[in-house]
Structures are given as structure tokens and as C-alpha cells.
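Chemist: Kindly return the folded structure for what I paste below:
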Amino acid sequence: MSQTTSCFDLLFIGHFAVDRNVVDGVAEIASGGAVYYGGIAAARLGARVGVVTRLSRADFGRLDELRAAGIEVFAAPAAETSGIENTYRSADMERRICVPLGFAGPFEPADIPAVSAHIYAAVPIMAGEIDLALLKRLATRAREASCAAAGSERACPPGVALDVQGFVRVRVGNELLFRPWEEMAEGLAHVTYLKVDRAEAEALTGESELAPGSPALARAAARLAAYGPREIVLTQSAGVTVYADGRIYFAAFTPRSLAGRTGRGDTCFATYLAKRMTSSPEEACRWAGIVTSLKQETPGPWRGMESN
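Modeler: Numbering: from 1, shown residues only. Predicted coordinates:
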């Protein structure tokens, strides 16, 4: 494809997925992954978005949905497309059982296009997509990126955003299980914006009972920030908590239904990053709560506010 954009607000790097979502025993095959849910949400919010991904050529047609949303796509062919079977069993859909269906292989340096981005968003869906060496390389590119023409209005510093699930959610046989990220201290030193969910935060920090506004949640966020990230985005069924510059902000999720629960965290993180381009952490958190609430009501990616 011809390259039309040299500098993005957000360049998402992660596998495009073809998932099997099972809710109350009813299964559906659907596109997925943070590059899908998050990329489209960020583009709808006005961010200039690029997506770097890997998948089987047989599924390349699914990428047209990203392009239709105004996203520039850089896709590398893989032997198979990644996918996860997500089975939800709790009333609030906070916890799920995840079974890997496929894996498109690790990203190679050559997969990353020669473009610049204000934020390089590493959003792998499972371990093995992105390694520490590539994370470091992205951090170097973020420091060296020259997007001056469009960067003067940005409110947030450049850097790497990371969804930690791609380092702690490990394929073990036919299961996806939490495993310690042995290189976490070194890895998080290169991250500016870190996204975790409640279960991940508990596993990584040893804290428990991370209710919004609790001392335990504040301790968990501070511990993660101590490794290097400037801003922590923590999602759970009640809402999103942001820890930035020692301050904590919270925005509740208020969906009228959970029909679109899959992609909640991806949408929340992408919304926060997109709004952070021109807003404070507090305002970006507020937007993340609003958009994620709306997204959870409808399956598929969030496609914008309804017109009055």
C-alpha cells in the first residue's frame, strides 16, 4: 500500500484477532484485539491512528473495517491469525476464561514501518507478540520522533503505551494463564502509559481488594508507577482509575447493558490516550468512562456519539 501519513498521534502495535466470544453459553465469531477495538475508538475521537499487525492473508479482508474508519494499516502476513475464546461466567463479566485459538507469531523489527508517532501503543493480546527488545526500540523511536508540525498542541508527553496483558497472559497448552513478567522492572522503565486490569494489578503488585478509591488500589498504582510509567490506567467492572503525577482520578462505567463487554479495556485505554493528546489526565479519564460505558452496550467497536 502507498504510505500517506508520516506521523501519527497513535501507532497501535498488536495482533488483529478473530475471537470466539461465549456469553451465557451463546458463541459468536468476531474480529477482536486492541488494534481493532482501540484503533477504531481512537480514530472516532479524532486521533490520527496507524495500526501495525500480523495475521493470516486469508483474514486480510477484515482489515477493511479499520481502513473504513480512517486508520492506516500496516499488515504482515502470518501462518495463522491470533484468536481467543472468551467465556464469561460472572454476573458482572469481570472475570473470564480465555483459551487461545491461534497465534500469528512475534513481531519482527521489519514489521514496524518507517513512520513516526507521538505515542507507540504496544497492545499485544498475549505473550510472545512483543519482546523486551522491541519495547526498548519503540521507546527509542518515541524519544527521537519528530512530529513537531502537529505536536505543539499535544498535552501529553511522547512515549510508549503498554497493555501489560501481552506480557503476563501466557499460552500454556490450551490455556491462557497469568505468569510473572520476569523482565518487568526493566520493561516498565521504558513505558510512559501503562494499562492493567484489576486481576493483573493484583497479580503484579500483591495487593488485593482493589475497589475504586481504596488505599489498596492507590498502593498498587504507586507501586507500578515506581517502575517508571508516568500514568497508570486501571480498569475494572466499576470503572477506570487513572494514577498520574501522584494524583488519582476515577470515572465510573454506567452502561445500560453489558452486551458489548468484550473490548472494554481496549476501548478504555485507547480513549484515554486519544483524549490525552489535548486534555489533562483528569479530563481524559472522564472521557474514558463515558466512551467505555457506551461501548459496553453494543457488541463491536465504539463508533461515536449519537447525533442530537
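
Chemist: any chance you could map the strands in the stretch 51-200 of the chain?
Modeler: For the stretch 51-200 of the chain, the strands defined by DSSP state E, counting those that start in this stretch cover 72-78, 83-88, 96-102, 116-122, 159-163, 169-172, 175-178, 193-197.

Chemist: Can you check the pLDDT for residue 23?
Modeler: Residue 23 carries a pLDDT score of 75 in this model.

Chemist: about what we covered before: go through the strands of the stretch 51-200 of the chain and name the closest to residue 66.
Modeler: Minimum separation from residue 66 across the strands of the stretch 51-200 of the chain (CB to CB) falls at strand 72-78, 5.3 Å. C-betas here are computed from N, CA, C, even on glycine.

Chemist: For the chain, give me the ranges with low pLDDT.
Modeler: 1-5, 89-95, 146-152, 306-308 (pLDDT under 70).

Chemist: any idea of the angle the longest helix belonging to it forms with strand 193-197?
Modeler: Longest helix of the chain, by residue count under DSSP state H: helix 281-295. Here helix 281-295 points in a direction 40 degrees away from that of strand 193-197 (axes from the mean of the first three to the mean of the last three CA atoms, to 10 degrees).

Chemist: Show me where the protein has its helices.
Modeler: Here the chain has its helices, by DSSP H, at 34-44, 64-68, 132-144, 148-151, 165-168, 184-188, 198-205, 215-225, 264-276, 281-295.

Chemist: any idea how far residue 165 is from the closest residue to residue 120 other than its chain neighbours?
Modeler: In this structure, residue 120 finds its nearest non-sequential neighbour in residue 138, 4.3 Å apart by CB to CB, 6 or more residues apart in numbering. Look at residue 138 and residue 165: by CB to CB, to the nearest Å, they are 17 Å apart.

Chemist: Repeat that for residue 207.
Modeler: From residue 207 over to residue 165 the distance is 18 Å, taken as CB to CB.

Chemist: just to revisit the earlier point, turn the helices of the chain into CSV, columns for mean neighbour count and distance to residue 242.
Modeler: Below are the helices of the chain laid out as CSV (neighbours: other CB atoms under 10 Å; distance: least, CB to CB, whole Å):
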stretch, mean neighbour count, distance to residue 242
helix 34-44, 29, 16
helix 64-68, 15, 27
helix 132-144, 17, 20
helix 148-151, 11, 22
helix 165-168, 24, 18
helix 184-188, 17, 17
helix 198-205, 20, 13
helix 215-225, 18, 9
helix 264-276, 29, 7
helix 281-295, 22, 4
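
Chemist: For the ones you listed, could you give me CSV that also reports distance to residue 246?
Modeler: Shown next, in CSV, are the helices of the chain (distance: least, CB to CB, whole Å):
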stretch, distance to residue 246
helix 34-44, 27
helix 64-68, 37
helix 132-144, 23
helix 148-151, 26
helix 165-168, 25
helix 184-188, 17
helix 198-205, 17
helix 215-225, 8
helix 264-276, 17
helix 281-295, 11
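
Chemist: Can you tell me which of those helices is nearest to residue 233?
Modeler: helix 264-276 (5.3 Å).

Chemist: Which elements pack onto that closest one?
Modeler: In terms of contacts (3 or more CB pairs under 8 Å, 6 or more residues apart in numbering; DSSP states H and E), helix 264-276 is packed against strand 7-13, helix 34-44, strand 116-122, strand 159-163, strand 193-197, strand 231-236, strand 239-244, helix 281-295.
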